[in-house]
Structures are given as C-alpha cells and as structure tokens.
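Engineer: following is a predicted model, sequence given first.
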Amino acid sequence: MSSTAQLVSDEAVLMLSTAEAAEIDQVARHLVTVSDRIDDAWVSAARSAWETLPIAFRRRVREFRRDSGSGGSLVVRGLLVDNEHLPPTPSVGGSVQQVATAPAALLLMTACGLGDPTAFLAEKSGALVQDVVPVPGQEEFQGNAGSVDLMMHNENAFHPHRPDYVLLLCLRPDHEQIAGLRAASVRQALPLLSAETREALSRPEFSTQAPPSFGTAGGVVPNHAVLTGDVTDPDVRVDFAATTGLTPAARGALVSLATALDEVSRTVRLVAGDLAIVDNRICLHGRTSFKPRYDGQDRWVQRIFAVTDLRRSRHRRPSDGYVLAR
C-alpha cells in the first residue's frame with residue numbers, strides 16, 4: 001500500500017502505509033545508536049538520515065515547503081510510537097528532550113527536510129526538541145504548559161527570526177482525547193476582510209510582547225505590521241494573547257482579523273503517531289482545553305522549530321549553531 005496525500009475537511013493529511021511507517025521508525029532508531037545526546041553533531045546525522053526516508057514522505061514535505069497550500073498545515077498520520085516503553089509524561093515547567101530518542105530523531109529529520117532546526121536560548125534553555133505538556137499550577141497559562149484554551153498565534157510572533165515551521169509530534173493524547181490543535185490560515189481568512197481592514201493590518205501600528213516563556217529576554221520589540229509581503233498572499237504576524245493595536249483603526253482591524261480567522265479555523269485531535277506541521281508564516285495555531293490528571297499519562301506532544309534560511313540569524317547564533325542567543 002502506498003501513501004497518499006488527501007484533503008480531509010480542507011486539511012492536508014498524509015496517510016502513511018504500515019510499511020512506510022516501519023521504515024521511518026527503523027531509520028529513527030538507527031539514528032539513536034549514533035549518539036545519546038541531541039547536539040549539533042546529531043543534527044548533522046539527522047540531515048543525512050533524512051535522505052534515506054521513504055520517497056513519498058520526503059516528496060510531500062518538500063512540496064509543503066514550497067507551497068503549504070490554502071490551509072498552511074499538514075498532518076502526517078500513522079507514524080509509530082512505542083507506547084509500551086514510553087515513559088511517564090513530564091509534568092515540570094521547561095521540560096525538554098536532551099537524550100536521543102526515536103521521536104526526537106523523527107522531528108529532527110523532518111526539520112532538516114524543511115530547512116534547519118532552530119531554538120531560542122531564552123525559551124526552554126535553547127533545547128531543539130521540547131515537551132509540550134501540562135504543568136500543575138499552570139492550567140491558566142497562555143503557553144505550552146497550560147491546559148485552558150490556547151489563543152491563536154504565530155509562534156514567537158514578537159521575534160524578527162521567528163520559526164518558519166512549527167512541528168508537533170503527538171506521543172500521547174489527553175485522557176478524554178478532546179484536546180484539539182486549532183489552525184487558521186490567513187490565505188483563507190483574507191477574502192473575509194475588507195480592503196480597509198487589510199490596509200490597517202498592513203501598517204506598522206501593532207506591538208507584540210514576548211511570551212511568558214521568554215521571561216525578560218524578549219527585550220524591546222519594534223512596532224510592526226500584521227500583514228506583510230504580497231498584498232494578495234501576505235504573511236501574517238500576530239499573537240492574540242500578546243499583540244496590541246496602537247491606534248483605534250489597528251484595534252478594530254485586529255478584531256476583524258480574529259473573527260475571520262475563527263471562521264476559517266479547523267480543529268484536529270491529534271493521536272499518538274500524528275505529526276502536525278504548521279507554516280508559521282501564514283498559519284496561526286492554538287489548542288482547545290482539556291483536563292490533565294497529572295498521573296503520568298497526560299497529553300504529551302514534542303515540538304521542534306524549523307527555518308528555511310538559517311543564515312539570516314547568523315549574528316544571533318554563537319559558533320554558527322542552531323540556537324539563537326538573543
């Protein structure tokens with residue numbers, strides 16, 4: 001059985017065959033034997049290993065890199081997760097994956113297929129592979145440690161070198177399997193906006209603060225536009241929990257944009273072995289609420305960022321590594 005890319009409710013989904021999933025898992029497990037740590041050398045090994053993965057998987061990821069479609073997201077289904085040997089879900093703030101594992105290998109290989117992996121020193125100590133898990137006492141937190149509705153946002157919208165792609169691999173769903181990844185594309189929302197609103201969103205009359213996960217390291221962020229680039233196919237830069245309109249027109253435009261994005265948004269309930277790839281330049285994402293039990297079996301998603309042009313941030317990356325120091 002060969003894999004096929006198909007549209008399901010306007011969402012691009014790649015269904016892997018059993019044989020393809022097993023082949024990907026075999027490559028990932030071999031990569032784990034190369035090193036026991038996630039470091040720059042392991043990234044180089046992951047880049048080489050990417051070229052050995054099933055051609056249909058690599059082709060679809062390359063197509064997505066060139067054009068992420070009207071929806072701006074892709075879900076790969078059928079990947080293998082070793083539930084029997086999966087450790088308890090972490091439940092501490094700042095949880096990351098430092099030790100080489102098969103899921104981490106899969107994320108790194110795919111990030112290399114999209115460009116280069118990247119991370120931010122101020123966020124989760126600069127770890128390339130990060131845990132998205134609920135943390136006791138942070139249920140209301142607007143970030144990856146919370147469990148309430150997570151407002152729609154571009155990842156690290158405040159930063160000039162924010163990721164081009166956000167990759168989310170589900171290792172374990174929540175107990176009730178009600179937590180949903182929400183995604184909304186500006187390509188689909190744009191026709192719902194008036195010309196006046198589009199013009200207002202294209203002016204540098206917005207301010208976005210760094211998320212709480214960055215602490216005070218976000219620094220002063222220059223005012224910016226929400227829509228940039230080609231007026232018929234713009235990029236979007238907004239975090240509805242952190243972006244403020246600085247003029248009455250800007251504030252009104254933000255409300256209109258939020259309404260349009262909500263209208264075109266879609267929700268996907270990720271299960272173990274689902275990999276979601278979000279084009280952070282045109283697609284916002286968020287999460288619906290769920291109730292953690294803190295019993296070691298809570299929702300566990302691992303995350304990695306990728307950029308198409310790592311060179312742009314060279315002045316912020318010591319020794320030409322993958323972590324932005326500022």
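Structural biologist: In hand now; what should we look at? Numbering: from 1, shown residues only.

Engineer: what bridges to the residue positioned nearest the centre of the chain?
Structural biologist: For the chain, Val166 is the residue whose C-alpha lies nearest the centre (CA atoms, centre = their mean; 2.2 Å). Residues in a beta bridge with Val166, per DSSP bridges, are Val278, Phe305.

Engineer: pretty sure it contacts Asn280?
Structural biologist: Yes - here Val166 reaches Asn280: they are 5.3 Å apart, a contact under CB atoms under 8 Å. In short, each C-beta sits where N, CA and C put it, glycine included.

Engineer: mutual contacts of the two, please.
Structural biologist: In terms of CB atoms under 8 Å, 6 or more residues apart in numbering, Val166 and Asn280 are both contacted by the residues Glu155.

Engineer: okay but Leu107 is in contact with Val129, surely?
Structural biologist: Yes - Leu107 is in contact with Val129 according to CB under 8 Å; the separation is 5.8 Å.

Engineer: give the residues shared as contacts by these two.
Structural biologist: By CB under 8 Å, 6+ apart, Leu107 and Val129 have these common neighbours: Gln302, Arg303, Ile304.

Engineer: give me the element the first one is part of.
Structural biologist: It refers to Gln302. Using DSSP states H and E, Gln302 sits in strand 300-307.

Engineer: likewise Pro103?
Structural biologist: Counting by DSSP H and E, Pro103 is found in helix 102-114.

Engineer: that older thread, which residues touch the residue nearest to the centre of the chain?
Structural biologist: Residues in contact with Val166, defined by CB under 8 Å, 6+ apart, are Glu155, Ile277, Val278, Asn280, His285, Arg303, Phe305.

Engineer: same check, this time on Ala111
Structural biologist: Each residue near Ala111 by CB under 8 Å, 6+ apart is listed here: Ala46, Pro117, Tyr165, Leu167, Ile304, Phe305, Ala306.

Engineer: ok, now with 6 Å
Structural biologist: Pro117, Ile304, Ala306 (CB atoms under 6 Å, 6 or more residues apart in numbering).

Engineer: for the first one, which non-adjacent residue is spatially closest?
Structural biologist: In other words, Pro117. The shortest distance from Pro117 to any non-neighbouring residue, by CB to CB, 6 or more residues apart in numbering, is to Ala111 (4.0 Å).

Engineer: just the helices in the protein please.
Structural biologist: Taking DSSP state H, the helices of the chain run over residues 18-32, 40-50, 55-66, 102-114, 186-189, 195-201, 248-264.

Engineer: among those helices, which is nearest Ala12?
Structural biologist: If you check each of the helices of the chain against Ala12 by CB to CB, helix 55-66 wins as the nearest, at 7.5 Å.

Engineer: any idea of the angle the closest one forms with helix 102-114?
Structural biologist: An angle of 60 degrees separates the directions of helix 55-66 and helix 102-114 when computed by axes from the mean of the first three to the mean of the last three CA atoms, to 10 degrees.

Engineer: what about helix 55-66, distance to the chain center?
Structural biologist: 17 Å (CA atoms, centre = their mean, to the nearest Å).

Engineer: mean confidence for it?
Structural biologist: For helix 55-66, mean pLDDT rounds to 96.

Engineer: show me how far stretch 14-29 is from its chain's centre.
Structural biologist: From the chain centre to the centre of stretch 14-29 is a distance of 21 Å (CA atoms, centre = their mean).

Engineer: could the contacts of Val166 go into CSV alongside distance to Arg187, neighbour count and pLDDT?
Structural biologist: Below are the contacts of Val166 laid out as CSV (distance: CB to CB, whole Å; neighbours: other CB atoms under 10 Å; pLDDT from 0 to 100):
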residue, distance to Arg187, neighbour count, pLDDT
Glu155, 18, 18, 97
Ile277, 16, 28, 98
Val278, 13, 26, 98
Asn280, 14, 26, 98
His285, 14, 23, 98
Arg303, 23, 23, 98
Phe305, 21, 27, 98
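
Engineer: these into TSV, with extra columns for distance to Phe214?
Structural biologist: Putting the contacts of Val166 into TSV (distance: CB to CB, whole Å) gives the following:
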residue	distance to Phe214
Glu155	12
Ile277	23
Val278	20
Asn280	16
His285	18
Arg303	15
Phe305	14
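
Engineer: quick one: low-confidence parts of the stretch 1-150 of the chain?
Structural biologist: For the stretch 1-150 of the chain, applying pLDDT under 70 flags the ranges 1-11.

Engineer: before we move on, back to that, buried set for the helix holding Pro103?
Structural biologist: Buried positions in helix 102-114, judged by neighbour count with 16 or more other CB atoms under 10 Å: 102-114.
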